[in-house]
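S.K.: Generate a structure from the sequence data that follows.
(one chain, ligands or ions: 2)
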Amino acid sequence: MMKCPVCGEDCVQYAHELLDTLDTVFSPCPACTPRMLDKQMPPPADLGIMEACTCEKRFIDNVFLEIYTLMVQEGLLNRGSPLREAGIPLVHPGFAMNQPPYLPRNSLLLLSRHVDKKTAEQLMREVPELRGVVKCGEFTPGAVDVDLVTPPRNYELLAGCDVRADIFYTQHSPVVLYKQQSLTHIEFPRGYDPKIVSVSVQLRHAMPRVFVDASSGVGTLGILGAISGVRHVILNDAWYAAAYWSAYNVEVNREHLLVEPVRFLKEYRELQEHPVMEEPLKVAEAEGAQKIEVYQGDYRRLGAVIPKEKPLLTVIDLFRKSDPEANRRILQEWRERVGGEAFIP
Ligand SMILES: [Zn+2]
Ligand SMILES: [Zn+2]
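M.R.: Ligands and ions are numbered 1, 2, ... in the order given. Next up is the predicted model:
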């Protein structure tokens, strides 16, 4: 059993436990009733709150109407605000869906610019579908500056827990990626992800013995490399939350990997003391027929910890894509300093 590093409860599951639920988690029962609302408009004034069905699920728009109504009552929104002003709804788990979800308990994270702590706590008491409430802003959370000059900014968790997972499909098994949402940029998984396809092609082509995900975020591409069977995978990110969740997600998806349980060398709270690192610090490792290591550091200093074995393939997935000239320089520098094949997806 894994404990959540944010709330200490059982709000995280191993990959198969979560994947086994996907067929039904957001599906209606025969008695469930949808009620579509226009998000661009204020909801009609006489519209009552619809309670959850006897199956305990509720159509997402109806959950959102209750959240909106409470925020209006608390003076955080005007009665004339469009419904979508209440915030961004992120479901857990997030994956490509054909129709809007019917939400079970504890499946929705609300990100809102307008919410305050008191109302967030009230929302958590009154809206059972909520998992957590985060105050967001007009910026991207986390370490988005490649040069590590601009300090990272976070959203603020006001109530509940903001750990949730997105699911990405690969040609092997689906990958489950947990994250603490107040510290991570928002992704909306679609059924087809060009970046995953392009990295899969590179992996097949290069057949590396060592694969480096130099700017790993929560670990998507590094874990893809490990699931593809690369013997030695190194994940790295300068931002502590990215490095930590990369390691966590290796453990979550370990059933598809040939390694023993991940050994965490640092706890989440320890890493918080140095949110951005330059010298690479090993935060976790897992060994077996494969070897997986996770570092927190500036990717430009990662060469020191990369073994000399070849073939070596490196993916440098920087958050802000720079111009082609800068990309060429980044790759050129990497090849000179570290060697092997390198690409920016
Ligand atoms: Zn939690
Ligand atoms: Zn129902």
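
S.K.: and the residue in the stretch 151-300 of the chain positioned nearest to ligand 2, bridged to which residues?
M.R.: Residue of the stretch 151-300 of the chain nearest ligand 2, by CB to the ion: R164 (22.6 Å). Backbone N, C-alpha and C define where each C-beta goes, glycine included. Assessed by DSSP bridges, R164 has beta-bridge partners K179.

S.K.: ok, how many other residues are close to the residue nearest to T54 when sequence neighbours are not counted?
M.R.: Excluding its sequence neighbours, the residue lying closest to T54 (CB to CB, 6 or more residues apart in numbering) is A31, at 6.2 Å. Number of residues near A31 (other CB atoms under 10 Å) recorded here: 9.

S.K.: Check the one 3 residues further on too.
M.R.: A total of 13 residues lie near P34 under the criterion other CB under 10 Å.

S.K.: tell me the contacts of it?
M.R.: With contact set as CB atoms under 8 Å, 6 or more residues apart in numbering, P34 has these partners: P28, F59, D61, P100, Y102.

S.K.: Pull out the buried residues from these.
M.R.: Among the contacts of P34, the ones that count as buried by 16 or more other CB atoms under 10 Å are P28, F59, D61, Y102.

S.K.: quick one: the second one and L37 touch, right?
M.R.: No. Contact status for F59 versus L37: not in contact, 9.4 Å apart, counting by CB atoms under 8 Å.

S.K.: out of the contacts of P34, which are inside helices?
M.R.: Among the contacts of P34, the ones falling in helices (DSSP state H) are D61.

S.K.: Just the residues contacting stretch 191-208, thanks.
M.R.: 96, 168-171, 211, 220-221, 224-225, 228, 230, 311-313, 315, 317, 340-341, 343, 345.

S.K.: so what pLDDT did the residue lying closest to P93 once chain neighbours are set aside get?
M.R.: Among residues not flanking P93 along the chain, A165 sits closest, at 4.6 Å (CB to CB, 6+ apart). pLDDT recorded at A165 is 97.

S.K.: which of the contacts of P34 sit farthest apart?
M.R.: Greatest spacing in the contacts of P34, by CB to CB: P28 and D61 (12.9 Å).

S.K.: hmm, back to that, buried subset of the contacts of stretch 191-208, written for ChimeraX?
M.R.: Applying 16+ other CB under 10 Å to the contacts of stretch 191-208 leaves a buried subset, and the ChimeraX line that selects it is:
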select :168,169,170,211,220,221,224,225,228,230,312,313,315,317,340,341,343,345
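
S.K.: Alright, that wraps it up for me.
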